[in-house]
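Q: here's my sequence, what's the structure:
(3 chains)
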Amino acid sequence: MFAPGATLASLRAERPLIHQITNYVVMNETANATLALGALPVMAHAAEEVEEMVGLARALVVNIGTLSPPWVEAMLAAGKAANARGIPVVLDPVGAGATRYRTETAKRLLDGIDVTVLRGNAGEVATLVGVKAEVRGVESIAAADDPAELARTAARTLELVASVTGPVDHVSDGVRTLSVANGHELLATVTGTGCMSSAITGCFLAANPAPLEAAAEALAAFGLAGEDAASVAKGPGTFHAALYDALYALTPDSLDERARIS
Amino acid sequence: MFAPGATLASLRAERPLIHQITNYVVMNETANATLALGALPVMAHAAEEVEEMVGLARALVVNIGTLSPPWVEAMLAAGKAANARGIPVVLDPVGAGATRYRTETAKRLLDGIDVTVLRGNAGEVATLVGVKAEVRGVESIAAADDPAELARTAARTLELVASVTGPVDHVSDGVRTLSVANGHELLATVTGTGCMSSAITGCFLAANPAPLEAAAEALAAFGLAGEDAASVAKGPGTFHAALYDALYALTPDSLDERARIS
Amino acid sequence: MFAPGATLASLRAERPLIHQITNYVVMNETANATLALGALPVMAHAAEEVEEMVGLARALVVNIGTLSPPWVEAMLAAGKAANARGIPVVLDPVGAGATRYRTETAKRLLDGIDVTVLRGNAGEVATLVGVKAEVRGVESIAAADDPAELARTAARTLELVASVTGPVDHVSDGVRTLSVANGHELLATVTGTGCMSSAITGCFLAANPAPLEAAAEALAAFGLAGEDAASVAKGPGTFHAALYDALYALTPDSLDERARIS
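A: Residues are numbered from 1 along each chain as shown, chains lettered A, B, ... in the order given. Reported below is the predicted structural model:
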């Protein structure tokens, strides 16, 4: 049962705090996407405060895009605190498959934290379930043969909701698998749009307790914002600015009408 | 005596270097705001160089938005070096009140450095003078009952100029309290606009030796840029881009005419 | 022999991975410039993975804009791995001359790594060849008397290609010295445009094995994007967004026709 508009309306009424431990490249971008959508972002990574900060949040988003040992420890501590409080955790395994350190860190986070939603591209998710994939840096090069099946396998193997983004997105809890067909190719021309989709997944999880539905709704909302931004953009730079305008302008009614979740 | 236009003209003629030790989320944004206004930003946080870099600067801006122990030590060392040289220091206590680590760090910086201007939202400043406040992450949720009184109390208690921003800003040295009524609600939809106002406060302090006046002039200038940006924006993203255009286009005459400082 | 259009076409066909170890201020910006141009950026700085990541890349870009000891060690390790693999290395010595730490680190990187192209402003490059220069923070204040001669001297002394950017850019291998006259003054109003030109130099080096030509072609391409962005911009903010649009829209034919390399 999808009611993405209702989730969005609830999110804007409640303005949940979304704690993000993310990478240096996209911190400003994920914070602005969170804020434009209607939630409140906070970035905090020090061991001295992550557990306390999680205690104020309604969702935690962890992203290994520019990982290093102290940040990984903070992610683990924050993730465990989130689990103890029963708030949802999103993991974005940026670049898993590119280096051993990224792959092993993503696996360590999956082992140490009860992750609610794993949001990644096909190459990253394939790596984490042992399927061969080509990852060039942080980009997935070859599309998975069957991304819906990949999402289902990841969900079953890792016991979470797998959210595999690409030209069409696939979200699965291992039993049901949804596809989300919103989006625009300009999203691939701006760095950090994958990271933004993870942040927005955290926002929707904070407002909808059903993780499969929340994850799909988030991708529909972000994809729609991409469609709206593309309609006024002249290239990646103006698209990037228009993306925040579109997230801010997105209405619950428009989201309900235009979401292409099936 | 306000002459914000004269301060701006002086700043642009002299292009003072503003040393900023700030958070990962807004570094690009505060650097661009500084540059668009007409001063020169430099970001440096290594213990190996902060004291020497402060020696080249005309103001220091310290911001705890994504604090961790080595950064806090660098802030203390830089602040002491700034004090020794007699250049002004701005402290932005981002998220004070949200976690003990942030509150204690802000107090430690206030104890260890002779801060010229404390620039924060009502929740952060209230926390630092022992008044109860609701801070959600890095956002102040409940407006202070009487923000002018809060600014006055903070200035007296902490022996500095307190600059409390909100729908209307209040700046006090404990004796005189000024209100600044420039600004636009879209400023609250972009992350880091508070941090930008702190950076711009540093710029104005570098060009005007009277800290109460400089702090108020800075908020008027930034608020005016927000008004101008809002007049052409379609949402937070285009507003954000237009904000730098507006800071760059702001003229001393326009600032003198339109500043709403009382 | 210049064929900047052919280099650009090749880069877009191959989408080389450009590994960047750069500063916190501009990470998003250099990643987006790389992506808009047509290459793939990856940011990775942990000792645990830099050597492996370099193994996937076609060029390495090292930038000391917000340096600290662990990052410098990562730059050295990555640089040596790049040398061992025979892929080109760009060094951007941000702020060399401003503090001893920056100057000494830049020299240490030049000693420890076989740098292909040194890309800096006149003050930074002058510092590294022992010529007096005024550097205010990270900005070069006084233009060099003879920047072409400075580039030639730096190339000969440091045994690399020196790429000295300014109102007119000069690129030299010590024997031949090229000037590049593309660009626009608005580039100086946005932070990190120098860093972007270094990232784009890395992209062109990945697609053209002749470093002198590649470095000049990169500056022509970036300068042209600046010209195109300025034609639609209303100030630094809209210019910044338009810069990515222009990099994305730049065609090989337009680059061949409009490049002002001599």
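Q: what residues sit buried inside stretch A:150-157?
A: By neighbour count on 16 or more other Cβ atoms under 10 Å in any protein chain shown, the buried set for stretch A:150-157 is A:150-155. From N, CA and C alone the C-beta is placed, and that goes for glycine too.
Q: how far out from the middle of the chain is it?
A: 16 Å (Cα atoms, centre = their mean, to the nearest Å).
Q: ok, stretch A:4-17 next?
A: 17 Å.
Q: repeat that for stretch A:35-53.
A: Computed by Cα atoms, centre = their mean, the separation of stretch A:35-53 from the middle of its chain amounts to 15 Å.
Q: quick one: buried residues of it?
A: A:35-46, A:48-53.
Q: now the buried residues of stretch A:150-157 as CSV including distance to chain B?
A: As requested, the buried residues of stretch A:150-157 are exported to CSV (distance: Cβ to the nearest Cβ, whole Å):
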residue, distance to chain B
A:Leu150, 32
A:Ala151, 30
A:Arg152, 35
A:Thr153, 35
A:Ala154, 30
A:Ala155, 31
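Q: with adjacent residues omitted, what lies nearest to A:Ala3?
A: In space, and not counting its chain neighbours, A:Ala3 is closest to A:Asp256: 7.2 Å by Cβ to Cβ, 6 or more residues apart in numbering or on different chains.
Q: surely that neighbour and A:Ala9 touch.
A: No. With contact defined as Cβ atoms under 8 Å, A:Asp256 and A:Ala9 do not form a contacting pair (10.0 Å).
Q: which strand or helix spans the residue of the stretch 51-200 of chain A found nearest chain B?
A: Minimum separation of the stretch 51-200 of chain A from chain B (Cβ to the nearest Cβ) falls at A:Glu52, amounting to 4.4 Å. Assigned by DSSP states H and E, A:Glu52 belongs to helix A:50-54.
Q: what does the next helix or strand after that helix contact?
A: Counting by DSSP H and E, the element after helix A:50-54 in chain order, helix or strand, is strand A:59-63. Strand A:59-63 has contacts (Cβ atoms under 8 Å, 6 or more residues apart in numbering or on different chains) with A:16, A:18-23, A:26, A:30, A:54, A:75, A:78-79, A:82, A:87-92, A:94, A:109, A:113, A:195, A:198-199, A:201-203, A:205-206.
Q: residues contacting the residue lying closest to A:Tyr24 once chain neighbours are set aside?
A: Nearest residue to A:Tyr24, sequence neighbours excluded (Cβ to Cβ, 6+ apart): A:Thr66, at 4.7 Å. A:Thr66 is in contact with A:23-25, C:27, C:43-45, counting by Cβ under 8 Å, 6+ apart.
Q: does A:Thr66 sit in a helix, a strand or a coil?
A: Three-state call for A:Thr66 (DSSP: H, G, I helix; E, B strand; the rest coil): coil.
Q: confidence score at it?
A: A:Thr66 carries a pLDDT score of 97 in this model.
Q: swap in A:Asp146?
A: As summarised for this prediction, A:Asp146 has a pLDDT of 89.
Q: is it true that A:Gly38 touches A:Arg15?
A: Yes. Contact criterion Cβ under 8 Å: A:Gly38 and A:Arg15 qualify, at 6.6 Å.
Q: ok so, going back, which of the contacts of A:Thr66 fall within helices?
A: C:Met27 (DSSP state H).
Q: okay if I get the contacts of A:Thr66 as CSV plus pLDDT and distance to B:Arg102?
A: CSV is the format used below for the contacts of A:Thr66 (pLDDT from 0 to 100; distance: Cβ to Cβ, whole Å):
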residue, pLDDT, distance to B:Arg102
A:Asn23, 97, 22
A:Tyr24, 97, 20
A:Val25, 97, 24
C:Met27, 97, 24
C:Met43, 98, 27
C:Ala44, 98, 29
C:His45, 98, 26
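Q: with the contacts of A:Thr66 in mind, which one is nearest to chain B?
A: Once Cβ to the nearest Cβ is applied, the member of the contacts of A:Thr66 that ends up nearest chain B is A:Tyr24, at 5.6 Å.
Q: quick one: mean pLDDT over stretch A:2-13.
A: For stretch A:2-13, the mean confidence score works out to 95.
Q: buried set for that stretch?
A: A:2-5, A:7-12.
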